[in-house]
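[1] model this:
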Amino acid sequence: MSIHVEKNGEVTVITLDRPDVRNAVDSDHARELYEAFLAFDTDDSAKVAVFHGANGHFCAGWDLQFGAKLLREAQGGDAGVFADLEFQAEDKQPAGPMGPSRLLLSKPVIAAVSGAAVAGGMELALWCDMRVMEEDAYFGVYCRRFGVPLIDGGTVRLPRLIGMGHAMDLILTGRKVESAEALQMGLCNRVVPRGTAREAALALARQLSTFPQKTMLADRQSVYTQWHLPLPQALKQEWDRGRECIAEGLQGAARFAGGQGRHGKF
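    Next comes the predicted model:
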């Protein structure tokens, strides 16, 4: 097995482990990742997931050796080799070429980024809610060199995350982005020493798991689903979700009144 799932209390750690190809993904491993994240999403005992790449790299993207094999089959007349990459926008659980990249889960995922997170691997990191990055790790649209398109959300999530100007720079040039620049432009959320991304992401995940979940998940869902809405509708959607959490908020206010969480203490 190259996809490992570990339960760590209320945190699920999903690890991609293909050391011979820097955790590059082929169709079989994409399917395993997809199924692992769907299982996390339906696991009532799991609140947050950490997505980790073993052996010093997050993910080097699509397995180009496997991709070359598919291309040869397509050129040989097998037009159906890419059929499983198609999807309809109304599909509620579409699988992406890299696995979970077309899913909108109901719970947060934190990427623990070490080494290379490039091409489709970068797109997987962008799919996560947050990215904890080791100081010597790097991002890059390295597939630019080979004419491989971004088809796992990179052209959508990258400009939404870091803005059009930065996104166009990275998408058009394919250049390497190291941790200091990634933090400055908002491409990652934390930079940590080499070899510590997994533990740092776990600590962050445990913190998120301690918060009142109904409110946190409602706020998270509002963020993801507001992009296509005009401002009045987006604000109405925020209120509709928040209204369902008022009781949880009142309980929290009572705890604050009793002395908990004063002066921004968590």
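[2] Which stretches in the chain count as helices?
    Secondary structure of the chain (DSSP state H): helices at 27-41, 64-75, 120-127, 154-162, 164-173, 179-185, 197-210, 213-225, 231-243, 246-257.
[3] looking at the ones you listed, which is buried most?
    Of all the helices of the chain, helix 120-127 carries the top mean neighbour count, a mean of 28, counting by mean count of other C-beta atoms under 10 Å. C-beta coordinates here come from the backbone N, C-alpha and C atoms, glycine included.
[4] Can I get it in CSV, CA atoms only?
    Only the C-alpha atoms of helix 120-127 are listed here, as CSV (Å, rounded to 0.1, in the frame of the first residue of the first chain):
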residue,chain,number,x,y,z
GLY,A,120,-0.2,18.3,-9.7
GLY,A,121,1.4,18.0,-6.2
MET,A,122,1.1,21.7,-5.9
GLU,A,123,-2.5,21.5,-6.9
LEU,A,124,-3.1,18.9,-4.2
ALA,A,125,-1.6,21.3,-1.6
LEU,A,126,-3.8,24.1,-3.0
TRP,A,127,-6.8,21.9,-2.5
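[5] List the contacts of Phe40.
    Contacts for Phe40 (C-beta atoms under 8 Å, 6 or more residues apart in numbering) come out as 5, 12, 14, 46, 49, 105, 107.
[6] that older thread, out of the helices of the chain, which comes closest to Ala112?
    helix 197-210 (3.8 Å; C-beta to C-beta).
[7] now for the closest one, which elements pack on it?
    When contacts are defined as 3 or more C-beta pairs under 8 Å, 6 or more residues apart in numbering; DSSP states H and E, helix 197-210 sits against strand 11-16, strand 48-53, strand 109-113, strand 130-134, strand 190-192.
[8] Any chance of TSV for the ones you listed, columns mean pLDDT and mean neighbour count?
    Below are these laid out as TSV (pLDDT from 0 to 100; neighbours: other C-beta atoms under 10 Å):
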stretch	mean pLDDT	mean neighbour count
strand 11-16	98	22
strand 48-53	98	27
strand 109-113	98	28
strand 130-134	98	25
strand 190-192	98	20
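[9] Where does pLDDT dip in the stretch 151-266 of the chain?
    247-266 (pLDDT under 70).
[10] please redo it, this time with the cut-off set to 90
    For the stretch 151-266 of the chain, applying pLDDT under 90 flags the ranges 241-266.
[11] Output the helices of the chain in JSON lines, with distance to Pro19 appended to each entry.
    Listed next are the helices of the chain as JSON lines, based on distance: least, C-beta to C-beta, whole Å:
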{"stretch": "helix 27-41", "distance to Pro19": "13"}
{"stretch": "helix 64-75", "distance to Pro19": "15"}
{"stretch": "helix 120-127", "distance to Pro19": "14"}
{"stretch": "helix 154-162", "distance to Pro19": "24"}
{"stretch": "helix 164-173", "distance to Pro19": "27"}
{"stretch": "helix 179-185", "distance to Pro19": "22"}
{"stretch": "helix 197-210", "distance to Pro19": "16"}
{"stretch": "helix 213-225", "distance to Pro19": "33"}
{"stretch": "helix 231-243", "distance to Pro19": "42"}
{"stretch": "helix 246-257", "distance to Pro19": "44"}
